[in-house]
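Q: Please find the sequence and the predicted model below.
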Amino acid sequence: MLRSFLILLAIPIAFASDVIAQAPASSGAPTAESIEAEAKSVAARTDLSEDVKTAARQSYDAALAALEAAAASEAQASGFRDLLQTAAADAAAATAEAAAIVVPADPAEALTEAERNLEIADRSNLLAREEAALAKAEAALADLDASLDAQKVRPQAIVEESAEARDQERAALNGLTALNGAEGPAETAERTRLRAQLAASRARQAALEQEGTAAPALRSLLQARQELQSRIVARAKARVGALRALVKESVEDIAQAAEKLAGETVQPGTLAAEVKEYADELKGVTDRITKARSAREEHSEMLKRLEIDVSLVAQKTEASGGGGAAAQALLDQSRALPDPRRLRREQKAGSAATAEVRFARVKIDAALERLENEPPPESGRARELHDTKMDLLVQLSEQYALLIAEMGKLDLVKSDYVEKLETFSRLLNEKLFWVRSSPPLSVETVAQLPAAVAWVAGPSRPARLMWALGAILQRAPVQIGGLGLLAVVLFFLRPRMRRRVASHLPLIRRISGDRYSFTLEALGLVLLVALPFSLLMWAAGRQLLFIPEAGDWTQGIAQGLQRASVVLATFMFLRELSRKDGLAETHFKWKPSVTRRLKRAATGFAWFYVPATVVLLMVFTEGTGQHMHSLGRLLFIAAMTWVAAWAWFMLHPDRGIFSEFLRKNATGIVARLRYIWFAAVVLAPLALAGLAAWGYLVTALRLSSYLHGTAAIGIGAVVAYHLMLRYFTMRERKIALERTLAERKARKEAAAAAAAKGGPANPEAPGPGDEGALPDPEEEAIDLANVGVQTRRMLRAVVVSLALGGLWMVWADALPALQALDTTPVLGKATVADLILAALVGIATIVVAKNLPGILEIAVFRNLPMDSGSRYAAASLAQYVIVATGLMVVFQVLPVDWSQFGWMVAALSVGLGFGLQEIVANFVCGIILLFERPIRVGDVVTVSGTTGTVSRIRMRATTITDWDRKELVVPNKAFITGEVLNWTLSNTTNRVVINIGVAYGTDTDKARELILQILAEHPNVAADPAPLVTFENFGDSSLDFVVRAYLPSLERRAGVTHELYTEMHRRFNEAGIEIPFPQRDLHVRSGWGGAAD
């Protein structure tokens, strides 16, 4: 066996280090003892510097390593000499042993009579042992195959390694010559290293020479042992197949006996019904085991064929020198490969099926456990059914275990196959991308056109087409006939659906009648008008692919119909989207000039591009590929020229569909770079046409498919943006309408209250004649053509992020340079793609966190009974959550071992504990404020002697705006640890205290009643709690009253106080009540001067 030979060959290598000391010092080679002695001597010297000692130690270590390599090479040479002497005899023995192994034609003959008569349990155990032996034998055969494959390329490697060893020998000799006469410690150590290196290189040359001599004998021995192992595997497969058939037969016998015992007709819910159900289940499980094994063997063969195809493609490419033949070979291989994405989907479905089988086994085991714990019937048919049920459950448990194992093996084989298939597909794509598939465009290309046109549209093609249509109608009459009927019905319903879309216009213009469901309905109707014929084309093409008798022409028609159906659907959608009074004009508010241009361009483009796509795919799938280089190439060049003309017509900066946008945003980067991106868009298809003319037709076709994907993503992004913008615009309009109606209602109520009291008590309330000035809210010119800045910015960020993700998916396989972004590490293990993705996530996090409040205000908060403070707190917390989530995603994207930064975390902890404790405290207090909400945005508070309104609550501080419009920035910690007076925390009711005096002699009861009357008549004075007027003091000049009135809010506190003072003054004057003021009488007496004298 090869394994024994390799072990014997490895023994002298493993013990080579033990014989270094006894190895002969040929050519002046040092020994291990002498090297260690010299190294110790140098290390013990005190007159040498550390640099000299280090250099000497490194030279001695290298010398010891070279001696080990020399010993290993000598051991290898000895092994090859021994192999050369015994290889012929070993090969003959292997051949004789292989000839003695008989592989029967009938797998049943591989078993002995005793093995065939075993009970089912013993058969199952024997099958498990034989399967393990088969797996071991197949692994040994795979090792032998790999060894033979390695021997095919080993001669060239021997030549290269021998040249390298000779170069090392010359370098060692040259080094020794250069050191001749030098006697320093470092020079002595280097001389020792070079002597050891010289011995190692010579030993290596001898080993390689011996390996080359023994190579033919080794190949013969490997081939003999491969044949022996192949026969061992064949015999093991025969035994395993026979045992599997016997086990299956035994299981089926058990199931049939159980069914016979249960009877033909059984009552549901009875023991016989359970036995019959378990018998049917057992049959199904055995069938699934057989199918899983067959599928695994099939995928194993597919995997082997794939590996062969990989080597064949490499040989064909090298043999053809990378020309047109190589391109054709790569194309043929690429077409023959299955779709890896479909296999991935099948693999996921298989994983789900495995989970279901595991669950089924759990149920069977649970039923078996319950049955074991139940007392069995004493005798009779019930006891027989009970025992049969027990046997069935035991077999089901075992068979489910086998099925789970087989499905697991199948999943492993499928996974290996799909991974290698994806790798091979990427390899083919890369090679196809840069291989010239055709000669440059010439007169000969035009001369080949008649033959290509005859192949596409020859006299026999109409009959072939009719045959193909008849074949697909026979294959799928319901699908094709149903889609055809649906397309015809929808074709005749198109006028009605278009009128339905246009009927939404009057309702959309009125704010109260507008509904977003109108937009969704219009979008659905546009799709119904645009898609039926495209779906019919796609279904017909798909069915044509599965016709067994279909040739290249029919297959080309099939692929052309499928690809053209996507193009047709796109431009039909654009055409219907841009109809007059359609979705774009009515709902998206696109200008009629834009929609007319778009509709005209979509119609004209589809008339040429759809047939061109069908013909291009037909000649592309033609077997020889000759028509692809003539008609296909010319048609592709014409199509790309048509695309460039369409782009010029649609996207011209001065008169295209974006011209008005560019004029409105003349300072934006898109407008400033308009001629650059316009030139790129127009020149890109022309560049592809030039590639095709130069001979890189396959490259141009691949790039054009990526451009198609890019265009589809762009169209989808524009439509998605306007759909979202339409929703938020409608919400803004309705919010503005509600606000207008509320203000109008408030003005009416205030006017009515003032009129009931004889006049406007509130200076801000409208008078009786102001009612006519109130605008009709349905006709009010509300400027909401654009939604808020935050909303637009947020929508643009979302759409651009999704579009960039889609473009990455489209173009990731286009260029190896883009694929290298995901394989080239630049920062530890992080690749360029990881850094780009982390940056995009960071930018998206910033944009979302910054603009989230506007979106929440429009989409969420307006539908909830929340005040402004609650909305602000919820929006702030949502921003914190978005930022935290974004940071977590960034850390997850970057493949960094964060445990290495534990020291940084510790250092930050110390810094936070000392230098940043106030900032952290304010941040935590800000979180507490948002959750506990002792203050809210809009509350009137008094802090440190300053009273004002809370305007912002940030991470570190809160801003309070006082009555002078000055902003006071207060750290959040002050609201948690200090005293705060919140005037509006739980109740906005507040009290106004007014001191007023009347002259002595005034009737105090009359004055009090008059004041109470004034308070009762004022609309902004609360009736509950009732106002209070008390006579509290005999002043120097007046009888002092204190008026205490309650106001429902702080909004008009100063205005109400002013109005109360004014009304009291007026009513007191009318009632003849005097409001005194302090007076002083000055009496001047004579005679003071004489006294002074």
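A: Good, I have the coordinates. Numbers count the residues shown, from 1 in each chain.
Q: number of nearby residues for residue 1011?
A: 23 (other CB atoms under 10 Å). C-beta coordinates here come from the backbone N, C-alpha and C atoms, glycine included.
Q: Give the bridge partners for the closest residue in space to it that isn't next to it in sequence, please.
A: Computed as CB to CB, 6 or more residues apart in numbering, the closest residue to residue 1011 that is not its neighbour in sequence is residue 1029, at 4.8 Å. Beta-bridge pairing for residue 1029 (DSSP bridges): residue 1043.
Q: So the protein: which segments form each domain?
A: 1-262, 263-435, 443-449+480-737, 789-897, 915-986, 990-1071 (automatic domain parsing).
Q: was I right about the residue nearest to residue 1011 contacting residue 1008?
A: Yes: at 5.0 Å, residue 1029 counts as touching residue 1008 under the criterion of CB atoms under 8 Å.
Q: Between those two, point out the one with more neighbours.
A: residue 1029 (20 against 16).
Q: what residues are up against the more buried one?
A: 1008, 1011, 1012, 1015, 1041, 1042, 1043, 1044 (CB atoms under 8 Å, 6 or more residues apart in numbering).
Q: Model confidence for it, exactly?
A: On the pLDDT scale, residue 1029 is placed at 89.
Q: Likewise for the one 3 residues further on?
A: Looking at residue 1032, its pLDDT reads 88.
Q: try residue 147
A: pLDDT recorded at residue 147 is 87.
Q: Burial check on it, number of neighbours?
A: 18.
Q: so what's it closest to, chain neighbours aside?
A: residue 222 (5.6 Å).
Q: any idea which element residue 792 lies in?
A: According to DSSP states H and E, residue 792 maps onto helix 789-811.
Q: Kindly format the C-alpha coordinates of that helix as CSV.
A: Extracted C-alpha coordinates of helix 789-811, given in CSV (Å, rounded to 0.1, in the frame of the first residue of the first chain):
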residue,chain,number,x,y,z
VAL,A,789,-36.0,69.5,3.7
GLN,A,790,-35.4,66.7,6.1
THR,A,791,-37.9,64.4,4.4
ARG,A,792,-36.4,65.0,0.9
ARG,A,793,-32.9,64.5,2.2
MET,A,794,-33.9,61.3,3.9
LEU,A,795,-35.7,59.9,0.9
ARG,A,796,-32.7,60.7,-1.4
ALA,A,797,-30.3,59.0,1.1
VAL,A,798,-32.4,55.9,1.2
VAL,A,799,-32.9,55.6,-2.5
VAL,A,800,-29.3,56.4,-3.3
SER,A,801,-28.1,53.8,-0.7
LEU,A,802,-30.4,51.1,-2.2
ALA,A,803,-29.3,52.1,-5.8
LEU,A,804,-25.6,51.9,-4.8
GLY,A,805,-26.2,48.4,-3.3
GLY,A,806,-27.9,47.3,-6.5
LEU,A,807,-25.1,48.7,-8.6
TRP,A,808,-22.6,46.9,-6.5
MET,A,809,-24.4,43.6,-7.0
VAL,A,810,-24.6,44.2,-10.8
TRP,A,811,-21.0,45.2,-11.3
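Q: List phi and psi for residue 437.
A: phi -90, psi -10 (degrees, to the nearest 10).
Q: now do residue 1032
A: Dihedral angles (degrees, to the nearest 10) for residue 1032: phi -120, psi -10.
Q: which one is it nearest to, not counting chain neighbours?
A: Nearest to residue 1032 is residue 1042, by CB to CB, 6+ apart, at 5.0 Å.
Q: residues contacting the one you found?
A: 993, 994, 995, 1029, 1030, 1032.
Q: Most neighbours among the residues you listed, please name it.
A: residue 1029 (20 neighbours).
Q: From the chain's centroid, how far away is stretch 974-993?
A: Relative to its parent chain, stretch 974-993 has a centroid offset of 49 Å by CA atoms, centre = their mean, to the nearest Å.
Q: Which other helices and strands does the helix or strand hosting residue 615 contact?
A: Counting by DSSP H and E, the element that carries residue 615 is helix 592-620. The contact analysis (3 or more CB pairs under 8 Å, 6 or more residues apart in numbering; DSSP states H and E) places helix 592-620 against helix 449-457, helix 552-577, helix 633-651.
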